[in-house]
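Asker: Okay, sequence plus prediction incoming.
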Amino acid sequence: IGARAGDFSSDITRMAVLGDGPAGYDEVHAVVEAAVQAALGICRPGVRASELDRAARAVIEEAGFGPQFMHRLGHGMGLEGHEPPWISESSDAILQPGMVFSIEPGIYLEDRFGLRLEDIVILQEDGPEVLSRLPLTGGRFPCSAPPPCRVPIFGKKPLRYFPQIPGPGPIVARPSEENPCPGSGPFPPIPATPA
């Protein structure tokens, strides 16, 4: 979720599961959460941005998911949604007090699911101040529809979207008799995507 306050940008990513969720979800969530904590644990002024990326990436690699972490760990936040410092393996930026940036590791398992957790931090003299108060642990929501009770969004399958309620305010999914688990269908036909 992205937001703006005046001219400034912010982000946050949390995960939620409808029903039991896909096999392996809890394991992957725990690994990604540990990667967030590893990066936060060494986040101090004077540390290279690349060291944060390496700390998070090491946790994911040790768990056997290295190739499935396909992006940089984070990026600066400010007037632009993505700006320096780049928190990546190749970054030579030295972290300084007052810098605002994301820490957002993820694991993406083709044809199964993807999972990313993201926090925005302000680097203080004594370490990171995490701006969000939301827990990293994912919410679980009961689902009365037969499996699969989830929206396939990664891999080679086309994107499918939640049924939406039009009108002012946020777009939300609503259970109904025809669709007791929003996101599980029925879906309108989706045109084939180019290979």
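Answerer: Looks like it arrived, so ask away.

Asker: buried ones in stretch 81-100?
Answerer: Across stretch 81-100, burial judged by 16 or more other CB atoms under 10 Å covers 85-88, 91, 93, 95, 99-100. Any C-beta I mention is one placed from the backbone N, CA and C, and that applies to glycine too.

Asker: Point out where this protein drops to low pLDDT.
Answerer: Low-confidence segments of the chain, defined by pLDDT under 70, are located at 1-4, 138-195.

Asker: Look through it and tell me its longest helix.
Answerer: Using DSSP state H, we find that the single longest helix of the chain is helix 25-42.

Asker: Would you mind putting the CA coordinates of it into CSV?
Answerer: Extracted C-alpha coordinates of helix 25-42, given in CSV (Å, rounded to 0.1, in the frame of the first residue of the first chain):
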residue,chain,number,x,y,z
TYR,A,25,3.2,-20.4,3.2
ASP,A,26,4.0,-20.3,6.9
GLU,A,27,7.6,-21.4,6.3
VAL,A,28,8.2,-18.7,3.6
HIS,A,29,6.6,-16.1,5.7
ALA,A,30,8.9,-16.9,8.6
VAL,A,31,12.0,-16.7,6.4
VAL,A,32,11.0,-13.3,4.9
GLU,A,33,10.2,-12.0,8.4
ALA,A,34,13.7,-13.2,9.6
ALA,A,35,15.2,-11.4,6.6
VAL,A,36,13.5,-8.2,7.7
GLN,A,37,14.9,-8.6,11.2
ALA,A,38,18.4,-9.4,9.9
ALA,A,39,18.5,-6.2,7.9
LEU,A,40,17.1,-4.1,10.8
GLY,A,41,19.6,-5.7,13.2
ILE,A,42,22.6,-4.2,11.4
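
Asker: still on that earlier bit, which members of the buried residues of stretch 81-100 occur in strands, if any?
Answerer: Secondary structure assignment (DSSP state E) places 85-87, 100 from the buried residues of stretch 81-100 within strands.

Asker: Pick out the most distant pair among these.
Answerer: 86 and 100 (13.3 Å; CB to CB).
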